[in-house]
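K.L.:
only geometry, no sequence info:
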Ligand code: BDR
Ligand code: CA
């Protein structure tokens, strides 16, 4: 039986791959996508989400969400974003992990009239069965929804979050981007009482996509597999430049979180832990795991690793289910 899922996305290159996996997997019954700020302004992430859906011939509803953090940016003293510098490819194009708009036809429709936090409250209050939530951007929409109506937890089966990192960071010296963008929302979501699984950088980097994986995705030959290869190659090029040539692979973070709903065994070394979110100074947005010999009560599952080969095989199999070309052209 397929799992009912609502995704929360800041699309975004790796978000786009995750959305395609959700749409094409027979094990996922995707109900809606909520858009949120993060990688890009929410106007862009909403349009990008609509573009991906349209490219796959889907008219799934998209609910536009929040354009800024719940409280973080009201304070002037929060730790600034790490700046990797500006790099260009041999044609003079700036290398980025996420370009302003996905290189797909512009969306012919807009988002639904209802905003994303209101959609969560409305949908979850009327749901006839519990739903799995897969937020792979800042947690602002869910932070607001759970504040508006904490009772919606009763209809949440699980929340699988792409976010956090214990031994790895990416946006400050100790924080991962999705948690760092809205730490207060992350605190609300992790402690809401639902089953929460964190898919942090520790696991997404363990399952990194290589240039050889991209070639294999190209050979699968569908629009979705080839587009996933294109997006991953762009991410690899940016990562290669940012690391001075040390890294020649990319963590397609959000796809791992979505695939973990399909097959939880793609995650490895999953520990039931107590996680605090840092709000101050250098720990702003950090996921701080309680390692004392008598820790506080666990509030989430934290995946310390992942099965690289399994994720690559899942992506080839799922994305291979799509059409040969963009919807309307095949
Ligand atoms: C997360 O931040 C975003 O850049 C990606 O889409 C992913 O969700 C990784 O830190
Ligand atoms: Ca994302």
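P.N.:
Everything's here; your move. A quick note: this is a predicted structure, and the numbers were derived from the prediction, not measured. Ligands and ions are numbered 1, 2, ... in the order given.

K.L.:
what is the burial count for the closest residue to ligand 1 within the stretch 101-250 of the chain?
P.N.:
Proximity of the stretch 101-250 of the chain to ligand 1 (C-beta to the nearest ligand atom) peaks at residue 177, 3.7 Å away. For every residue, glycine as well, the C-beta is placed using N, CA and C. Around residue 177 sit 24 other residues, with neighbours defined as other C-beta atoms under 10 Å.

K.L.:
list the contacts for the nearest residue to it once chain neighbours are set aside?
P.N.:
Excluding its sequence neighbours, the residue lying closest to residue 177 (C-beta to C-beta, 6 or more residues apart in numbering) is residue 171, at 4.3 Å. Residue 171 makes contact with 81, 82, 177, 180, 181, 285 under the criterion C-beta atoms under 8 Å, 6 or more residues apart in numbering.

K.L.:
restricted to helices, list the residues you listed.
P.N.:
177, 180, 181 (DSSP state H).

K.L.:
just those now: which is nearest residue 296?
P.N.:
residue 180 (22.2 Å; C-beta to C-beta).

K.L.:
the helix or strand encompassing residue 212 - contacts with which helices or strands?
P.N.:
Here residue 212 sits within helix 211-220, counting by DSSP states H and E. Helices and strands touching helix 211-220, by 3 or more C-beta pairs under 8 Å, 6 or more residues apart in numbering; DSSP states H and E, are helix 223-242, helix 308-319.

K.L.:
for those, which one sits closest to ligand 2?
P.N.:
Closest approach to ligand 2 among those is made by helix 223-242 (11.8 Å; C-beta to the ion).

K.L.:
specify the next element, helix or strand, located C-terminal of the closest one.
P.N.:
That would be, after helix 223-242 and using DSSP H and E, helix 253-262.

K.L.:
where does the residue nearest the centre of the chain land on pLDDT?
P.N.:
Residue closest to the average C-alpha location in the chain (C-alpha atoms, centre = their mean): residue 136, at 2.3 Å. Per-residue confidence (pLDDT) for residue 136: 98.

K.L.:
hmm, it is touching residue 259, no?
P.N.:
No - using C-beta atoms under 8 Å, residue 136 makes no contact with residue 259, being 11.5 Å away.

K.L.:
what about the closest residue to ligand 2 within the stretch 151-300 of the chain, how many neighbours?
P.N.:
Relative to ligand 2, the nearest point of the stretch 151-300 of the chain is residue 254 (4.8 Å; C-beta to the ion). Residues near residue 254, counting by other C-beta under 10 Å, number 30.

K.L.:
for it, give me the pLDDT.
P.N.:
98.

K.L.:
over to residue 92?
P.N.:
89.

K.L.:
just give me the neighbour total for it.
P.N.:
By the measure other C-beta under 10 Å, the count of residues near residue 92 is 6.

K.L.:
part of a strand, is it?
P.N.:
No - Residue 92: not assigned to a strand; according to DSSP: H, G, I helix; E, B strand; the rest coil it is coil.

K.L.:
please report phi then psi for it.
P.N.:
Backbone dihedrals for residue 92, given as degrees, to the nearest 10, come out at phi 80, psi 10.

K.L.:
mind checking how far it is from residue 245?
P.N.:
Separation of residue 92 from residue 245 (C-beta to C-beta, to the nearest Å): 19 Å.

K.L.:
kindly reformat the contacts of residue 171 as a markdown table containing distance to ligand 2 and pLDDT.
P.N.:
Putting the contacts of residue 171 into a markdown table (distance: C-beta to the ion, whole Å; pLDDT from 0 to 100) gives the following:
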| residue | distance to ligand 2 | pLDDT |
| --- | --- | --- |
| 81 | 15 | 81 |
| 82 | 17 | 81 |
| 177 | 8 | 97 |
| 180 | 12 | 97 |
| 181 | 10 | 97 |
| 285 | 15 | 97 |
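
K.L.:
pick the one among the residues you listed closest to residue 67.
P.N.:
residue 181 (11.5 Å).

K.L.:
can you pull the contacts of the closest one?
P.N.:
Applying C-beta under 8 Å, 6+ apart to residue 181 gives the contacts 37, 38, 69, 72, 137, 138, 140, 171, 285.

K.L.:
okay, and which of these map to helices?
P.N.:
In this view, the contacts of residue 181 that belong to helices under DSSP H are residue 140.

K.L.:
so what touches stretch 318-326?
P.N.:
With contact meaning C-beta under 8 Å, 6+ apart, stretch 318-326 is reached by 20-21, 24-26, 55-57, 104-105, 217, 220-225, 228, 259, 262, 330.

K.L.:
go ahead and build a PyMOL selection from the buried members of the residues you listed.
P.N.:
Command for PyMOL that selects the buried part of the contacts of stretch 318-326, burial taken from 16 or more other C-beta atoms under 10 Å:
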select buried, resi 20+21+24+25+55+56+104+217+220+222+223+224+225+228+259+262
